[in-house]
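*Asks:* Below: sequence and its predicted model.
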Amino acid sequence: MKKVALIEDDADLYSLLEYNLQKEGYAVVGTQTGKNALELLRREQPDLIILDIMLPEVDGLQICRSVRTDPKLAHVPIIFLTARGSEVDRILGLELGGNDYVVKPFFVRELIARIKVHFRGQAQAPALLKAGDVEVDRLRREVRVAGRPVNLTATEFRLLEFLMSRPGVVFSREQLLDAVWGHDRAVTDRTVDVHILRLRQKIEPDPANPTIIRSLRGFGYCFAQSPEA
């Protein structure tokens, strides 16, 4: 059963959408304030987020920014649901990471149809990741660079797989520690730097001038190459 997170401060609209989403067979979790929305999303790990923009305490745009920088939520589709319908608002919402933008008032059936489209587009994670000369076989747990097998430790593999499956997204050291090492850990931020260095030595053409795993000073790391279709 797909789980939809509904973040909407209008109580009547919240109840209407909750009823219709459950009627369609979706599990619904949500809140009517922005204050604890991010905590709810991290706890519930929904498959899709319906997000109002004008929320009390923390607005939807700020929540969207936080979602897109959270390693465990960054991939989740976001449908903005808002009364702010100007072209500038639409562009801003999409540029911040929204996948869709629905302006109030709207037809509930149209929103349901849009949700179904997003779920149809959520194909199963590919078994093979490929970008440039780098190939990661998730099933066999194998890595090749320019056709040459590369031996990685289990942690190096998880780190490469995580970054490569989210190209262009910059993750802080703390986010990478949570995603790859987990919350229950006894390692430091320096651990990430050491593993990135070892990965670069194994997959970069010139480890001293990395082009695959890039670092952004003061921010963190990202996988810089786009995956092949």
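*Replies:* Cool, the structure landed. Numbering: from 1, shown residues only.
*Asks:* can you give me the helices in the chain?
*Replies:* 11-23, 37-44, 60-68, 87-95, 108-120, 154-164, 173-176, 189-203 (DSSP state H).
*Asks:* Name the residue closest to the centre of this protein, please.
*Replies:* residue 74 (1.3 Å; CA atoms, centre = their mean).
*Asks:* ok, back up a step: nearest to residue 145, out of the helices of the chain?
*Replies:* For those, proximity to residue 145 was assessed by CB to CB; helix 189-203 is nearest, at 5.1 Å. C-beta coordinates here come from the backbone N, C-alpha and C atoms, glycine included.
*Asks:* For that closest one, buried residues please.
*Replies:* 191-192, 195-196, 198-200, 203 (16 or more other CB atoms under 10 Å).
*Asks:* Against residue 105, how distant is the residue in the chain sticking out farthest from the centre?
*Replies:* No residue in the chain sits farther from the centre than residue 148, which is 30.3 Å out by CA atoms, centre = their mean. Distance of residue 148 to residue 105, computed by CB to CB, to the nearest Å: 58 Å.
*Asks:* in the chain, which segments are predicted with low confidence?
*Replies:* Low-confidence segments of the chain (pLDDT under 70): 121-125, 182-186, 226-229.
*Asks:* ok, 80 please
*Replies:* Judged by pLDDT under 80, the chain has its weakly predicted residues at 71, 85-89, 120-127, 139, 178-179, 181-189, 225-229.
*Asks:* neighbours around residue 110, how many?
*Replies:* Counted by other CB atoms under 10 Å, the residues lying close to residue 110 total 10.
*Asks:* That one against residue 104, yeah?
*Replies:* No: taking CB atoms under 8 Å as the definition, residue 110 is not a contact partner of residue 104, at 11.7 Å.
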